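Pasted the sequence and its predicted model underneath.
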Amino acid sequence: MIIPDVNTVATETADYLDVLSRFACETRFDDIPDPVLARCRVLVADTLAVVAAGMQEPEMKALAVNHLPSAGAGSASVIGSGKHCNPLDAALLNATAGVWLELDEGNFYTNGHPGIHVIPAALAYAQEHGVPGRDFMAAVALGYEICGRIGGAYKMKTIVQPHGTYGVIGAAVAVGRLSGLNAGQMREAINIAASTPMGGNRQTMHDGATVRNYYAGHGNFMGQMAVRLVQSGFTGPRDAPSVTYGKLLADDFKPAQVIADLGRKWTLSQGYIKLYPSGRYVHSAIDALFDALAKAPGGRVDPKVVEKVEVRGYKMVAFLGEKRPKNLFGTRFSVPFSVAAIMHHGRADLDCFGAQTFANQAVLDLAARVEVSEEPAFTAQFPGKQTVDLKIVLKDGEAYAGRCEVTKGEPGNPHAPKDVERKFRQLAIPVWGEQLAHELYQACMRIETIPDLRLFN
């Protein structure tokens, strides 16, 4: 597909939507660069494992029990449950489970988490309709790209929780592509999706309110509904993204930025995969902590001799400075808790952040001695740099300082592939067993060769 130069696009504001719609409908699988497809395979595998693990949480098991009896039948997997239902409800449940452990992929440059808003909806549709893996991959890449570009073209209001906001567009584009929408219909789907997002707030993170996890499920459900509405003759506003993301949920929406370098620069390649079950901004502090600990004898510091830990970071690090989370879910958004948990255990495996650690008084006492503040200069550098300075101050006055400038897992500081696969195994084996988990990972690495995703079930 030939992508129009931004400068040659007609001056009317909404014309960027025509460019996006044509891109969504006309881009071929072979037009997508190999590095983007390679990243997409890893993203799909990571998402499946994260969803399956999240589905084992008590609340998700209860939701499946309460919801599935009234859900329509279908071939879409409720991942990790052994159940199937229709695509709308499967994607809703899978996306909700996928953010439960705060381990889903994200992207600083898109202001959120495109993958968990695109993959569950696309996979559910593909399983229901027997879509080839090749078509599924293209739909995921294009849905991610378009919603990610919209997400990166505005300034999100700090209080707005990004789940369920622009991601609904990604679900609509991916399912619209698989449904065979033409460019005019795709534009309507984008506008309808942009008219039906969640307006959730980040206070849920401070309060440990798990309703926040439903926001991603809602985005996957409503993205599919946007396609059904278009197919039924419904219409959307002429330019819904400019209103929703320029006036309601965010400010300063830049349509020209959405289509700059479209088809040449792919946002999917700019994302990160998490190795710790915490909000992404917490990871910057964790990296700074490990840098500081590396300077201590044996790479460890006894929490009993710590006077305090000082953390200075960009705005969103300071936003997650709650010392006493109200419940286990709230710990995922607490820099002090995560720092204290890692220092207490001397490692950062997934089990270090669980219920036993939340009940450990020594961890909570150390978290109370972690001071988090904003450094305006670091905020000004974000997202290009994610700078955090951390200092462990001992009771005898000795101190160990560490710094993070590019968070581990970002394109400029990538994880080793073996670490990403290790995470998959940690999450997938308890659900599916070692052999099936191995086979699933290998299938994800060649998913475009699968002739019918009903086999991927």
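Structure's in. What do you need?

where does the stretch 51-200 of the chain dip in pLDDT?
By pLDDT under 70, the stretch 51-200 of the chain has no low-scoring segment.

which stretches of it form strands?
Taking DSSP state E, counting those that start in this stretch, the strands of the stretch 51-200 of the chain run over residues 76-78, 83-85, 155-156.

Distance to residue 324 and mean neighbour count for the ones you listed - can I get that in TSV?
C-beta: built from backbone N, CA, C; applies to glycine. As requested, the strands of the stretch 51-200 of the chain are exported to TSV (distance: least, CB to CB, whole Å; neighbours: other CB atoms under 10 Å):
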stretch	distance to residue 324	mean neighbour count
strand 76-78	35	26
strand 83-85	38	20
strand 155-156	27	16
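
Mind checking those for the one nearest to residue 438?
strand 76-78 (18.4 Å; CB to CB).

Redo the strands of the stretch 51-200 of the chain as CSV? Include distance to residue 357.
As requested, the strands of the stretch 51-200 of the chain are arranged in CSV below (distance: least, CB to CB, whole Å):
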stretch, distance to residue 357
strand 76-78, 29
strand 83-85, 31
strand 155-156, 31
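
Select, out of those strands, the one closest to residue 28.
strand 76-78 (25.9 Å).

Relative to the closest one, what are the paired strands and their orientations?
strand 83-85 (antiparallel) (DSSP bridges).

Mind listing residues that contact the partner strand?
Under the contact criterion CB atoms under 8 Å, 6 or more residues apart in numbering, strand 83-85 has outside partners 64, 68, 71, 72, 73, 74, 75, 76, 77, 78, 90, 457.

Helices - which of those residues land there?
64, 90 (DSSP state H).

Write a ChimeraX command that selects only the buried members of the contacts of strand 83-85.
One line in ChimeraX is enough to select the buried members of the contacts of strand 83-85, burial here meaning 16 or more other CB atoms under 10 Å:
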select :64,68,71,74,75,76,77,78,90
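
would you say residue 237 is within a strand?
No - under DSSP: H, G, I helix; E, B strand; the rest coil, residue 237 sits outside any strand and is assigned coil.

Tell me how many other residues surround it.
Residues within reach of residue 237, counting by other CB atoms under 10 Å, total 15.

domains of this protein?
Taking automatic domain parsing as the reference, the chain has its domains at 6-275+449-455, 280-404.

count of residues packed around residue 194?
Using other CB under 10 Å: residue 194 sits among 26 other residues.

wait, residue 311
25.

secondary structure class for it?
Under three-state DSSP, residue 311 comes out as strand.

quick one, what contacts it?
By CB under 8 Å, 6+ apart, the neighbours of residue 311 are 285, 288, 317, 321, 335, 339, 370-373, 388-390.

Just give me the residue closest to the centre of this structure.
Geometric centre of the chain, nearest residue: residue 113, 2.9 Å, by CA atoms, centre = their mean.

Just give the closest residue to that one, not the sequence neighbours.
residue 106 (4.4 Å; CB to CB, 6 or more residues apart in numbering).

wait, isn't that neighbour in contact with residue 271?
Yes - between residue 106 and residue 271 there is a contact under CB atoms under 8 Å: 6.4 Å.

Between those two, which contacts overlap?
114, 115.

circling back: taking the contacts of residue 311, please make a ChimeraX selection of just the buried ones.
The buried residues among these can be selected in ChimeraX (16+ other CB under 10 Å) with this line:
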select :285,288,317,321,335,339,370,371,372,388,389,390
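
Among the contacts of residue 311, name the ones in helices.
Those of those lying in helices (DSSP H): 285, 288, 317, 335, 339.

Same list (those) but as TSV, adding pLDDT.
Formatted as TSV, those follow (pLDDT from 0 to 100):
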residue	pLDDT
285	97
288	98
317	96
335	97
339	97
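
Among these, which pair sits farthest apart?
317 and 339 (11.2 Å).

Show me the common contact partners of the two, please.
285, 311.

could you redo the contacts of strand 83-85 as TSV and give each row distance to residue 24?
Output for the contacts of strand 83-85, formatted as TSV (distance: CB to CB, whole Å):
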residue	distance to residue 24
64	32
68	32
71	28
72	27
73	30
74	25
75	25
76	22
77	25
78	28
90	23
457	26
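
Touching stretch 23-41 from outside, list them.
Around stretch 23-41, the neighbours that count as contacts under CB under 8 Å, 6+ apart are 1, 3, 134-135, 137-138, 140-146, 173, 176-177, 181-183, 186, 262-263, 266, 268-269, 271, 444-448.

In PyMOL, how would I select just the buried ones from those?
A single PyMOL command selects the buried members of the contacts of stretch 23-41 (16+ other CB under 10 Å):
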select buried, resi 3+134+135+137+138+140+141+142+143+144+145+146+173+176+177+181+183+186+262+263+266+268+271+444+447+448
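
Which members of the contacts of stretch 23-41 occur in helices, if any?
Judged by DSSP H, helices contain the following of the contacts of stretch 23-41: 134-135, 137-138, 140-146, 173, 176-177, 183, 186, 444.

Looking at the domains of the chain, spot the one closest to residue 424.
Comparing the domains of the chain by CB to CB, domain 6-275+449-455 comes nearest, at 4.6 Å.

Now do the strands for the stretch 351-457 of the chain: every range, in order, please.
Using DSSP E, counting those that start in this stretch, strands in the stretch 351-457 of the chain cover 370-374, 388-394, 399-404.

Would you give the sheet partners of the shortest one, along with the direction of each?
In its sheet, strand 370-374 lies beside strand 306-313 (parallel), with partners assigned from DSSP bridges.

Tell me the buried residues in the partner strand?
Buried, per 16+ other CB under 10 Å, within strand 306-313: 306, 309, 310, 311, 312, 313.

Alpha carbons of that strand, as CSV, please.
Taking Å, rounded to 0.1, in the frame of the first residue of the first chain, the C-alpha atoms of strand 306-313 are listed here in CSV:
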residue,chain,number,x,y,z
VAL,A,306,18.2,0.6,56.4
GLU,A,307,17.3,4.1,57.7
LYS,A,308,15.4,5.0,54.6
VAL,A,309,15.2,4.7,50.8
GLU,A,310,14.9,7.8,48.7
VAL,A,311,13.4,7.6,45.3
ARG,A,312,13.2,10.5,42.9
GLY,A,313,11.5,10.0,39.6
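
Work out the gap between that strand and the centre of the chain.
In terms of CA atoms, centre = their mean, to the nearest Å, the centre of strand 306-313 is found 28 Å from the chain centre.

again with stretch 399-410
Using CA atoms, centre = their mean, the offset of stretch 399-410 from its chain centre is 21 Å.

Stretch 110-126 too?
With CA atoms, centre = their mean, you get 9 Å for stretch 110-126.

before we move on, what about stretch 49-69?
Taking CA atoms, centre = their mean, one finds stretch 49-69 lying 18 Å from the centre of the chain it belongs to.

in it, what's buried?
49-57, 60, 63-64, 68.

Adding distance to residue 361, write these out as JSON lines.
Listed next are these as JSON lines, based on distance: CB to CB, whole Å:
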{"residue": "49", "distance to residue 361": "32"}
{"residue": "50", "distance to residue 361": "30"}
{"residue": "51", "distance to residue 361": "33"}
{"residue": "52", "distance to residue 361": "32"}
{"residue": "53", "distance to residue 361": "27"}
{"residue": "54", "distance to residue 361": "28"}
{"residue": "55", "distance to residue 361": "31"}
{"residue": "56", "distance to residue 361": "27"}
{"residue": "57", "distance to residue 361": "24"}
{"residue": "60", "distance to residue 361": "29"}
{"residue": "63", "distance to residue 361": "32"}
{"residue": "64", "distance to residue 361": "34"}
{"residue": "68", "distance to residue 361": "39"}
